[in-house]
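Student: Pasting the sequence and the predicted coordinates here, then a few questions.
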Amino acid sequence: MLQFDDLRLRVGGTPILRGVTLEVAAGEAVGLVGESGSGKSMTVKSVVRLLPPGSRTEGAVRFDGVDVSSLDAAGLRRMRSRDVAMVFQDPRAVVNPVRTIGDFLTEVLRDQGVGRTEATRRAARALSEVGIGDAVRRLHQRPYELSGGLLQRVVIAAALLTGPRLILADEPTTALDVTTQEEVVAILNEQRAARQVALMFITHDLELAAAVCDRIAVMYAGEIVEVLPAAALHAGARHPYTRALLNSRPGAVAPGERLRTVPGVPQSALTAPPGCVFADRCPHAEARCREVRPVFDGSAACHLLEAR
Ligand SMILES: Nc1ncnc2c1ncn2[C@@H]1O[C@H](COP(=O)(O)OP(=O)(O)OP(=O)(O)O)[C@@H](O)[C@H]1O
């Protein structure tokens, strides 16, 4: 359904994505993990062309086989309002603070010609489906009357309301406290799985990605360095960067022990060396790793794995 084909992105001449190739099947959940600045947000934003001014892309992003860069304004609006829904980190940045939850939820349906009574009925049902009781009262409330967790559920309800085929979720729970995070992710995942909606889920949390997703794509400095089935995250991770990330999880050391880190500093696509993007921090790097860029073979981009 969704295909990134050697997507490269520059913003004002600065390289941000250096050739992202990835596919997402209908109904599939794919997690995008990696350090800050690795290009996760830019990758998902390129699906709906929500890129910063001065962006230039090469390669392609295709939705249902159609290159999104070829969509005219009407096509882009249709894709953003029907086919693809977005859930971002901070629900308060998305919901208009002075309008009611009911207005927020029914707006898109009303735009699509759904009558007021029917739109309100669907909005109330959508709230119940994301676990918000007393839906009729909630529809009359304003965002400041709801906690962050409840408001993010409202955003998820809105995302599901138009029957999208893909949800782009960019760290949807980072702004919430830990117990609320789990509930919100569980609801998002239950509801999208029940409807067979595909998901691209950006998170820093490898375990969370593995719990929610079918496959995980690991990004580093504007590239995907490894893609693997979520069930194989621990036993099957092959790329040295994925292994280093797994080793640096708090759960990877005994309580009281010092946490391990990935040595060195995160690289950006701009400062990436000509060879492997991870060469400067990789404990196994050889001369060719610094000179020749490894080819992504559908599973990983690493010279050390090619040799085996
Ligand atoms: N509006 C912008 N203009 C120019 N460059 C940008 C802009 N937004 C982000 N970038 C740059 O693009 C690169 C990728 O950013 P992106 O937000 O995709 O990373 P990320 O992996 O999602 O990070 P995080 O986990 O911190 O959100 C970074 O180097 C960032 O500085």
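Tutor: The structure has been received and is ready for your questions. Keep in mind that what you see is a predicted model, and the values were worked out from it rather than measured.
Student: Can you say which helix or strand has residue 60 in it?
Tutor: strand 55-63 (DSSP states H and E).
Student: What lies in contact with that strand?
Tutor: 1-11, 19-20, 46-47, 51, 67-69, 79, 83-84, 166 (Cβ atoms under 8 Å, 6 or more residues apart in numbering). Yep, even glycine has a C-beta here, placed from its N, CA and C like the rest.
Student: Please flag which of these sit within helices.
Tutor: Among these, DSSP state H puts none in helices.
Student: Nearest to the ligand: which residue in the stretch 151-300 of the chain?
Tutor: When scored by Cβ to the nearest ligand atom, the stretch 151-300 of the chain has residue 268 as its residue closest to the ligand, at 4.6 Å.
Student: separation between that residue and residue 297?
Tutor: 24 Å (Cβ to Cβ, to the nearest Å).
Student: Pull out the buried positions in stretch 273-288.
Tutor: The neighbour-count check on stretch 273-288 (16 or more other Cβ atoms under 10 Å) flags 273, 275, 276, 277, 278, 279, 280, 281, 282, 285 as buried.
Student: Averaged pLDDT, that stretch. What do you get?
Tutor: In this model, stretch 273-288 carries a mean pLDDT of 89.
Student: now the end-to-end length of that stretch.
Tutor: In stretch 273-288, first residue to last residue: 12 Å (Cα to Cα, to the nearest Å).
Student: what comes into contact with that stretch?
Tutor: Residues contacting stretch 273-288 (Cβ under 8 Å, 6+ apart): 18, 220-223, 225, 239-241, 244, 262-265, 267, 269, 289-294, 301-304.
Student: Isn't the residue of the stretch 151-300 of the chain closest to the ligand up against residue 37?
Tutor: Yes: contact status for residue 268 versus residue 37: in contact at 5.5 Å, counting by Cβ atoms under 8 Å.
Student: got the residues of the stretch 201-308 of the chain near the ligand?
Tutor: Residues of the stretch 201-308 of the chain lying close to the ligand by Cβ under 6 Å from any ligand atom are residue 268.
Student: just the helices in the stretch 201-308 of the chain please.
Tutor: 206-212, 233-236, 240-247, 287-291, 303-306 (DSSP state H, counting those that start in this stretch).
Student: Of these, flag the one that's most buried.
Tutor: helix 240-247 (a mean of 21; mean count of other Cβ atoms under 10 Å).
Student: what does the stretch 51-200 of the chain have sitting close to the ligand?
Tutor: By Cβ under 6 Å from any ligand atom, the residues of the stretch 51-200 of the chain that approach the ligand are residue 52.
Student: how about the strands of the stretch 51-200 of the chain, start to end?
Tutor: Per DSSP state E, counting those that start in this stretch, the stretch 51-200 of the chain carries strands over the ranges 55-63, 66-67, 84-87, 166-170, 198-202.
Student: neighbouring strands for the fourth one, and are they parallel or not?
Tutor: Based on DSSP bridges, the pairing partners of strand 166-170 within the sheet are strand 84-87 (parallel), strand 198-202 (parallel).
Student: mind checking how far it is from the chain centre?
Tutor: 6 Å (Cα atoms, centre = their mean, to the nearest Å).
Student: likewise the second one?
Tutor: Relative to the chain's own centre, strand 66-67 is displaced by 20 Å; criterion: Cα atoms, centre = their mean.
Student: same check, this time on the last one
Tutor: From the chain centre to the centre of strand 198-202 is a distance of 5 Å (Cα atoms, centre = their mean).
Student: likewise stretch 119-134?
Tutor: 25 Å.
Student: what sits up against that stretch?
Tutor: With Cβ under 8 Å, 6+ apart, stretch 119-134 has contacts from 101-102, 105-106, 109-110, 114, 135-136, 138-139, 150, 153-154, 156-158, 160-161, 183, 187, 191.
Student: Ok, stretch 217-224 next?
Tutor: Counting by Cβ under 8 Å, 6+ apart, 9, 15-22, 30-35, 38-40, 43, 225-228, 239, 241-242, 245, 266-269, 271-272, 277-278, 296, 301 sit against stretch 217-224.
Student: on that earlier part again, please name the strands paired to the strand holding residue 60 in the sheet, noting orientation.
Tutor: Strand 55-63 is paired, per DSSP bridges, with strand 2-11 (antiparallel), strand 66-67 (antiparallel).
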